[in-house]
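Student: need coordinates for the following:
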Amino acid sequence: MIAEFTLRRCGPFRIAALVLLLFLLPGAGVVRAGEADVEDVRVERASGGTYTFHVTVRHADTGWDHYANAWTVHAPDGTLLGERVLYHPHVDEQPFTRSLSGVSIPSGVTRVLVKARDSQHGEGGRDFEVDLP
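Tutor: As a prediction, this is how the structure comes out:
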């Protein structure tokens, strides 16, 4: 009842100003960088039976407070097979590709899932499934 009364007494200009103020308050606006996405994966089989993954990630890194900080390789059952930690933001390098060698894949696994994560959301962006060579 109070909210209805208050909104009725406010003109359209005041309502717009209140909405704008909410977006300008620290932490109240829309997050500028979303979740990290895997855009491409290239896999090579090494002579020792392990694999090398070349993974392209896109994320709107804003600096040390919000950046893509890793990507991971998972078996179809969710088992973690490998992780490439990214130790710094890539603000001016998007998308970017980083590699991970020596990934052991269990016998019988022919397809893996690659996921990226960022420092604020964790995993949750676009994943990428890839068949092993």
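Student: who touches the residue nearest the centre of the chain in this structure?
Tutor: Geometric centre of the chain, nearest residue: Ala36, 1.6 Å, by C-alpha atoms, centre = their mean. For Ala36, the contact set (C-beta atoms under 8 Å, 6 or more residues apart in numbering) comprises 57-59, 68, 71, 116-118, 121, 125. For the C-beta atoms, the positions are set from N, CA and C on the backbone; glycine is no exception.
Student: try it again with 6 Å
Tutor: By C-beta atoms under 6 Å, 6 or more residues apart in numbering, the contact list for Ala36 reads 57, 59, 68, 116-118, 125.
Student: now those residues as JSON lines including distance to Ser47 and secondary structure?
Tutor: Formatted as JSON lines, those follow (distance: C-beta to C-beta, whole Å; DSSP: H, G, I helix; E, B strand; the rest coil):
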{"residue": "Val57", "distance to Ser47": "27", "secondary structure": "strand"}
{"residue": "His59", "distance to Ser47": "33", "secondary structure": "coil"}
{"residue": "Ala68", "distance to Ser47": "31", "secondary structure": "strand"}
{"residue": "Ala116", "distance to Ser47": "28", "secondary structure": "strand"}
{"residue": "Arg117", "distance to Ser47": "31", "secondary structure": "strand"}
{"residue": "Asp118", "distance to Ser47": "34", "secondary structure": "strand"}
{"residue": "Gly125", "distance to Ser47": "33", "secondary structure": "coil"}
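Student: just grab the bridge partners of Arg111 for me.
Tutor: Per DSSP bridges, the residues bridged to Arg111 are Asp131.
Student: ok, it to Thr72 distance?
Tutor: 15 Å (C-beta to C-beta, to the nearest Å).
Student: so which of the two has more stuff around it?
Tutor: Set Arg111 next to Thr72 and count neighbours by other C-beta atoms under 10 Å: Thr72 wins out with 22 against 11.
Student: good, we can wrap up now.
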